[in-house]
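[1] Sequence below, structure please.
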Amino acid sequence: MDGLPGWAAFMAKQDFLMSLRTARNLFAHRVQTDHPSLDPQKLEGQLSRAAIWLTPSAVKGFDIREFQELPPELRTELKDSVEQFVRVANDVRPNEPATNEQISEGMSAFRRMIELLRPYLPTQGELEQVRDALESVQFPEFVLSWDFELGEDSTGDPAVWVWVIVRDDAADRPDFTKVSTGVEWKIREAFVAKGLGRWPFVRFRTASEQRAL
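    Numbers count the residues shown, from 1 in each chain. You can find the predicted model right below:
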């Protein structure tokens, strides 16, 4: 079986990306109101001033070691952007609005993080497309489950890492290599059928390996 990051590390990475997605949603929030006494632009300005996205928790769990698939120069830039963001966020005083300077500097670092991690921050629609594609695959009987993670490959192109969980005795089958290759092709065909532009990298792991992680 191909080696993969430990499950705890995977979950920490997912927690970080979830926190960042939440902060991104708060950052991109736009107020809409039909009430004649409420000014959307004024409310939006108040939300921007509050800068509820400018908090260290927005990048909670970040570990640059979990992004080895990124080119070295992008890893360095991502690390620097996160550190700049955290420094600014830590300087914002509790129960006080962020200063214009803090908002400007924090926004610059935050936007760069989002740009660098865009392939890791898909829309809900894209996540559902990936799930639908995998659910459409007719897996062999020895496949117990699967999971996936979105990101970039070493060339910077959008990709998906699919982990197929199989029974412990699956690797002992004389035809395992042939059948597992067939599974990889089925997954890729399903992605094409769903119109997904991400290339799937398929890995296999036994149930015991999964439990050990």
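
[2] ok but residue 144 is inside a helix, no?
    No - looking at residue 144 with DSSP: H, G, I helix; E, B strand; the rest coil, it is strand, so not inside a helix.

[3] For it, which non-adjacent residue is spatially closest?
    In this structure, residue 144 finds its nearest non-sequential neighbour in residue 165, 4.8 Å apart by C-beta to C-beta, 6 or more residues apart in numbering. For every residue, glycine as well, the C-beta is placed using N, CA and C.

[4] Next, work out how far apart residue 136 and residue 201 are.
    For residue 136, the distance to residue 201 equals 19 Å [C-beta to C-beta, to the nearest Å].

[5] which one of those two has more residues nearby?
    Neighbours were tallied for residue 136 and for residue 201 using other C-beta atoms under 10 Å; the higher tally belongs to residue 201 (18 against 14).

[6] In this structure the more buried one contacts residue 161, no?
    Yes - Residue 201 is in contact with residue 161 according to C-beta atoms under 8 Å; the separation is 5.1 Å.

[7] where's the residue nearest to residue 144, which helix or strand?
    Take DSSP states H and E as the rule and residue 165 turns out to sit in strand 158-166.

[8] low-scoring stretches of this structure, by residue?
    Judged by pLDDT under 70, the chain has its weakly predicted residues at 1-11, 28-51, 211-213.

[9] where exactly do the helices run in it?
    7-27, 40-50, 72-91, 100-116, 124-135, 176-193, 207-212 (DSSP state H).

[10] Just put these in JSON lines and tack on mean neighbour count.
    Below are the helices of the chain laid out as JSON lines (neighbours: other C-beta atoms under 10 Å):
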{"stretch": "helix 7-27", "mean neighbour count": "17"}
{"stretch": "helix 40-50", "mean neighbour count": "13"}
{"stretch": "helix 72-91", "mean neighbour count": "16"}
{"stretch": "helix 100-116", "mean neighbour count": "17"}
{"stretch": "helix 124-135", "mean neighbour count": "15"}
{"stretch": "helix 176-193", "mean neighbour count": "15"}
{"stretch": "helix 207-212", "mean neighbour count": "13"}
